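Trainee: what follows is a predicted structure for the sequence shown.
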Amino acid sequence: MTNDSTWPASRDIIMIKTDSIGNIAWTKRYGNTSNTDDSWRAVIEAHNGGYLIEGALNSTTGPVVSVWIRTDSNGDTLWVKRGVFGSGTLIKTSDGGYATVSGNLVKADSMGNIQWYKIYNGMGGQSFGQQTSDRGYIILGQTQQYASGGPSDRDLILFKTDSVGNTQWSKVYGRPTTSESPSKVVQTDDGGYVMLGTSMILPQSQSQNIIIIKTDAAGNLQWTKIYDGPDADIGMDLKATGAIGYIITGLTVGFEPPLQNSMRSFMLRTDGTGTPVWTKMYGDIANNNYNSTDQASYVNYTADGGFLMSGATQSFGAGAWDAWLIKTDPLGVSGCNEIVTNPTVTIPTLTIGTGGYDSAVFYTSSPYTIAVGTWQPTKTILCLNGSLTGETENPEIENGILIYPNPSNGIFQLTIDNVQFPKAEIEVYNMLGELVFSSELRTPNSRLDLSSLPSGIYFVRITTQQGTVSRKIVKE
């Protein structure tokens, strides 16, 4: 999702669908029928295919019109509803409907008709949430009313509700000398929650740190970490990667010198206790221009064990702000415009409090008419790289390397053709990017014994004199 400011309005909502390697499948633009600034707030895959977009029409001059745009799988509009939808998180609910979180919780049916609407006292600004495994909701926001410090302090506030938005419990997390703002909350495999936010030292300063907080199912603190660099560092998105940790993206000028003159994107991979495994920074690092931000605001994992980031860039593309899509391998390697940068990790002492309650509001949604058109963007390929660690694969040996059977019980056979021996090197990495096996290969046919390793997905890198090839294998 992105915005465009060329036709027919001052600014329109743009949705771009790509295939698995970033090639454009189709594009659609959505906007008000009059000449207004229109912007998107969130998008999710809808029930039964297609998409649901949350947008704000006439967002610059007002009055703002909040809409849900429901499309089919080709981006064509099925229905549009005007309501009190906000700008936080869109949720696909277990009953076939939808919800949105934005300092409040609005629940609608499958056609966007509002069923109920709850406001949470003490929560201000942008908020985030999801439906929980018990069909309730978890909501993360910011509070001044229940903060632990003075009038300038802001803390994180977490609400747990039942299936109709009634508060079951709430907790406040913060420090008297810092101000915390929320970015994401997700439920973890153990039933607890992990929160991502940004912590700023008071009084108001440019020193911003990334904070992650892990709780149990009742909101009790289990651990917390701060990721810090010499200047501003901002957390934007987080995904839990099962029992093995978390992936975080956001903005930094670098967690360690040399620093950048503009904000760049980063991806931070941690283990299950928040300890960093690796960190990469992405953007126009080589030129290091001023006023040239490269911002990835969202991250997700992909079927091959890698990661996908999306956002916007001022450094690359056709100019001004362009949509930006980055696909990496399991180690965060995209193949270009990236460096390793390691944050300083500290363990803060949090003050835990309580506060807040919910109240019901009556509101209805109504049909709304928008303009729908097409859009033809200019696509710029910055690099194409299919290997595990950034080396360019050699097509002459790509089809000559076989690893079978796959999956297997841990015993794999390797066949290597079109390779100049005496030797090749093989390395095997786990999902954390840790090297778990390495050896030399001196013959075209070899046996790879991983029977002592745990079951799971592994990544094999074979390096020869002609180049490098990577493979994903599964040990059952």
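Mentor: Received it, and whenever you're ready, just let me know what you need.

Trainee: quick check: closest non-adjacent residue to L52.
Mentor: A46 (4.5 Å; Cβ to Cβ, 6 or more residues apart in numbering). From N, CA and C alone the C-beta is placed, and that goes for glycine too.

Trainee: all strands of the stretch 301-450 of the chain, in order?
Mentor: All strands of the stretch 301-450 of the chain, identified by DSSP state E, counting those that start in this stretch, fall at 307-313, 322-328, 338-340, 344-346, 351-353, 358-360, 366-367, 371-373, 401-404, 411-416, 424-429, 435-441, 445-449.

Trainee: can you add mean pLDDT and distance to G31 and give these back as JSON lines?
Mentor: Formatted as JSON lines, the strands of the stretch 301-450 of the chain follow (pLDDT from 0 to 100; distance: least, Cβ to Cβ, whole Å):
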{"stretch": "strand 307-313", "mean pLDDT": "92", "distance to G31": "19"}
{"stretch": "strand 322-328", "mean pLDDT": "90", "distance to G31": "17"}
{"stretch": "strand 338-340", "mean pLDDT": "92", "distance to G31": "35"}
{"stretch": "strand 344-346", "mean pLDDT": "96", "distance to G31": "44"}
{"stretch": "strand 351-353", "mean pLDDT": "93", "distance to G31": "44"}
{"stretch": "strand 358-360", "mean pLDDT": "88", "distance to G31": "33"}
{"stretch": "strand 366-367", "mean pLDDT": "83", "distance to G31": "17"}
{"stretch": "strand 371-373", "mean pLDDT": "82", "distance to G31": "5"}
{"stretch": "strand 401-404", "mean pLDDT": "87", "distance to G31": "50"}
{"stretch": "strand 411-416", "mean pLDDT": "89", "distance to G31": "54"}
{"stretch": "strand 424-429", "mean pLDDT": "85", "distance to G31": "46"}
{"stretch": "strand 435-441", "mean pLDDT": "87", "distance to G31": "51"}
{"stretch": "strand 445-449", "mean pLDDT": "90", "distance to G31": "55"}
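
Trainee: what segments of the stretch 101-250 of the chain are helices?
Mentor: With DSSP state H, counting those that start in this stretch as the criterion, the stretch 101-250 of the chain has no helices.

Trainee: low-confidence ranges in it?
Mentor: Where the stretch 101-250 of the chain drops to pLDDT under 70, the residues are 204-206, 242-243.

Trainee: got the contact list for T349?
Mentor: R175 (Cβ atoms under 8 Å, 6 or more residues apart in numbering).

Trainee: and the gap between it and Y173?
Mentor: 11 Å (Cβ to Cβ, to the nearest Å).

Trainee: what's the overlap in contacts for those two?
Mentor: Joint contacts of T349 and Y173 (Cβ under 8 Å, 6+ apart) do not exist.

Trainee: thinking again about what came up before, any idea which of the strands of the stretch 301-450 of the chain is most buried?
Mentor: Mean neighbour count (mean count of other Cβ atoms under 10 Å) peaks for strand 307-313 among the strands of the stretch 301-450 of the chain, with a mean of 22.

Trainee: that one to strand 322-328, inter-axis angle?
Mentor: Between the axes of strand 307-313 and strand 322-328, defined by axes from the mean of the first three to the mean of the last three Cα atoms, to 10 degrees, the angle is 160 degrees.

Trainee: ok, and what's touching strand 307-313?
Mentor: Contacts with strand 307-313, where a contact means Cβ under 8 Å, 6+ apart, come from 2, 247, 249, 265, 267, 282-284, 293-302, 321-328, 330, 332.

Trainee: if we go to 6 Å?
Mentor: Contacts to strand 307-313, defined as Cβ atoms under 6 Å, 6 or more residues apart in numbering, come from residues 247, 249, 294-302, 321-322, 324-328.

Trainee: closest to I212 out of the strands of the stretch 301-450 of the chain?
Mentor: strand 344-346 (10.2 Å; Cβ to Cβ).

Trainee: could you check how far the residue nearest to L52 is from D72?
Mentor: Separation of A46 from D72 (Cβ to Cβ): 9 Å.

Trainee: and if you look at P182?
Mentor: Taken as Cβ to Cβ, the span from P182 to D72 is 33 Å.

Trainee: so which of the two has more stuff around it?
Mentor: Between P182 and D72, counting by other Cβ atoms under 10 Å, P182 is the more crowded of the two (26 against 13).

Trainee: correct me, but the more buried one touches T143?
Mentor: No - applying Cβ atoms under 6 Å, one finds P182 not in contact with T143, separated by 10.0 Å.

Trainee: now do the contacts for the closest residue to V80 other than its chain neighbours.
Mentor: Using Cβ to Cβ, 6+ apart and skipping the chain neighbours, the partner closest in space to V80 is Y368 (4.8 Å). By Cβ under 6 Å, 6+ apart, the residues touching Y368 are V67, V80, R82.

Trainee: if we go to 10 Å?
Mentor: By Cβ atoms under 10 Å, 6 or more residues apart in numbering, the contact set of Y368 is 32-33, 57, 65-69, 79-83, 112.

Trainee: and the closest residue in space to P176 that isn't next to it in sequence, how far from M200?
Mentor: Spatial nearest neighbour of P176, excluding adjacent residues (Cβ to Cβ, 6+ apart): G149 at 3.6 Å. To M200, G149 is 12 Å away according to Cβ to Cβ.
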